[in-house]
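Colleague: sequence and predicted structure are below.
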Amino acid sequence: MGSIVIYCILCILIPGVVAPPPNRQAQEQQVPPPNQEQQPQNDTPTKPLYQFAYSRYLETVVKILESDPKFSEKLRGMKEEDIKAGRVADHIDDLHQNVFDELTKAKIAEIDRLREEIGKQIEKDGGAHNIKVPDHLDVENWEKFNKEDLRKLIVRTVADMEEIDKQRREEFKEYEMKKKAEQDHKLAAMTPEQRAKAEAEIAEADKRHNNHEKLNHPGGREQLEEVWEEKDQMDKDNFDPRTFFALHDLNGDGFWNDNEIEALFQIEIDKLYNNSNPDDDPRERIEEMYRMREHVIDQMDKNKDRLISLDEFLQDNEAQAPNKQDDGWKDLADQQIYTDEELKRFEQEYAKQQGWGDHAYDPTPLSTPVPYNLGQQQHAQQQQPVAQQQPVQQQQQVHAQPPVEQVQQPVQQQVVQPVPVQQQPQQPVVEQVEKKVVDPGYGI
């Protein structure tokens, strides 16, 4: 219970902004759980952390507040919206004086850091025109930590956290649209035959990704029993909620925190994503984990403190109903991450950035196969002299009226192989006719 403040503030306001308190961190690293529940997370890429310029100051304040048991108890019963609004500051008047002294020391240290940073900024910019007044502490009272300091710190942290969350969601959407733009551009540059083959491969990869076991609903009875049986190596027919909660309360503080909740979904995530499979995207794996965790917290966390207590777990209908039908889970492949209009705008801008031109996504038009074109051109070249000779030959027929076989003889030589000389008794005449055909003044 000693770390309740850490998890009521750090887990509510800034999950991941700083490492947990040293004693908690050491406990989790030095005493690995018997069932090694956290081991699968080593294969998951590190999730982005919240990082603020004032993170050290924030961590120090939280640790100091944790040292007061009465304040911890008051904080535990507060609602999430009250904590985010900074109303927790209303309870610091009851703190012991030594706690206030420690908070004041932390504030003075933060002021010293700000003075150093401001000095560097002024030197870099040649003036104070880019300096912003810090709003995570009370600048009107520099000498003492007070209620306004705590309120400002919480409100600033919440605002920064929400901005980072918003940025993360936008970056993931942009990441997915970039993947699609790259794919569309490559397909457009292919020949129709290559494009058809590539599209078939993409469809096959999607089919392989979607060909997985049924996904159980995160936090549902079937999903938890699957963990109980496969991870905990327990008898599925003897599922005991209290024992299950204790097995996955890895630090033994009586609550499930974010990391402990995420560890429950490794089996479901592994059904969807395999790090050794090139068809599966590690970044999408992380996003899927976020979605599952947020869903379960929303489902079970009644007091909105971002922690799940034993009582909340036992009172949850989804987790406790043994015969309730499992509705499954729709993964990212079933979600619309961006609209068609958003993708269109992104692809146009992305094509400009890459220098792809105005037709970066226009497919290569259908064309006649190359061997056929070459054959047609050769045949046309062979026929062209004959076509040019026909008008001259017609003039010969009008003025000179040569024998028919003499007029036809050049055409036959253009189309078929020449006959042997022995079979042409009029060969000299034929040569004379050929010369007259070439001569444009013949017959005038």
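Modeller: All right, it came through fine.

Colleague: make it CA atoms for all contacts and neighbour counts henceforth
Modeller: Will do.

Colleague: those strands in this structure, which residues are they?
Modeller: Ranges of strands in the chain, per DSSP state E, are 255-256, 308-309.

Colleague: average pLDDT across the first one?
Modeller: Strand 255-256 shows a mean pLDDT of 88 in the predicted model.

Colleague: paired strands for that strand, with orientation please.
Modeller: Take DSSP bridges as the rule and strand 255-256 pairs in its sheet with strand 308-309 (antiparallel).

Colleague: tell me which helix or strand in this structure has the weakest average pLDDT.
Modeller: helix 22-30 (a mean of 37; mean pLDDT, DSSP states H and E).

Colleague: what number of residues lie near residue 51?
Modeller: Here the number of neighbours of residue 51 (other C-alpha atoms under 10 Å) works out to 15.

Colleague: ok, residue 198 - contacts?
Modeller: Residues counted as contacts of residue 198 (C-alpha atoms under 8 Å, 6 or more residues apart in numbering) are residue 187.

Colleague: pLDDT score assigned to it?
Modeller: Here the pLDDT value assigned to residue 198 is 95.

Colleague: likewise residue 91?
Modeller: For residue 91, pLDDT reads 82.

Colleague: pretty sure it is in contact with residue 70, am I right?
Modeller: No: counting by C-alpha atoms under 8 Å, residue 91 stays clear of residue 70, with 9.5 Å between them.

Colleague: more crowded one of the two?
Modeller: Using other C-alpha under 10 Å as the criterion, residue 91 and residue 70 rank with residue 70 on top: 16 against 13.

Colleague: if I look at that one, how far off is residue 93?
Modeller: Between residue 70 and residue 93 the distance is 11 Å, computed by C-alpha to C-alpha, to the nearest Å.

Colleague: pLDDT below threshold where in the stretch 301-444 of the chain?
Modeller: Within the stretch 301-444 of the chain, the ranges that satisfy pLDDT under 70 run 304-306, 364-444.

Colleague: redo that, cut-off 80
Modeller: By pLDDT under 80, the low-scoring segments of the stretch 301-444 of the chain are 303-307, 321-325, 364-444.

Colleague: show me which residues of stretch 242-252 are buried.
Modeller: Under the neighbour-count criterion of 16 or more other C-alpha atoms under 10 Å, stretch 242-252 has 244-251 buried.

Colleague: what is the nearest of the residues you listed to residue 118?
Modeller: Distance to residue 118, by C-alpha to C-alpha, is smallest for residue 251 among those, at 41.0 Å.

Colleague: tell me the predicted confidence for the closest one.
Modeller: Residue 251 is assigned a pLDDT of 85 by the prediction.

Colleague: how about the backbone phi and psi for it?
Modeller: The phi/psi pair for residue 251 (degrees, to the nearest 10) reads phi -100, psi 0.

Colleague: which one of the strands of the chain is the most hemmed in?
Modeller: Stretch with highest mean neighbour count among the strands of the chain: strand 255-256 (a mean of 24; mean count of other C-alpha atoms under 10 Å).

Colleague: contacts for it, please.
Modeller: Contacts of strand 255-256 (C-alpha under 8 Å, 6+ apart): 248-249, 307-310.

Colleague: what is the most widely separated pair among those residues?
Modeller: So, these by C-alpha to C-alpha: farthest apart are 248 and 307, at 13.2 Å.

Colleague: count of residues packed around residue 96?
Modeller: Neighbours of residue 96 under the rule other C-alpha under 10 Å: 11.

Colleague: swap in residue 334?
Modeller: Using other C-alpha under 10 Å: residue 334 sits among 9 other residues.

Colleague: just to revisit the earlier point, could the contacts of strand 255-256 go into JSON lines alongside distance to residue 197?
Modeller: Compiled in JSON lines, the contacts of strand 255-256 are given as follows (distance: C-alpha to C-alpha, whole Å):
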{"residue": "248", "distance to residue 197": "48"}
{"residue": "249", "distance to residue 197": "50"}
{"residue": "307", "distance to residue 197": "50"}
{"residue": "308", "distance to residue 197": "50"}
{"residue": "309", "distance to residue 197": "53"}
{"residue": "310", "distance to residue 197": "54"}
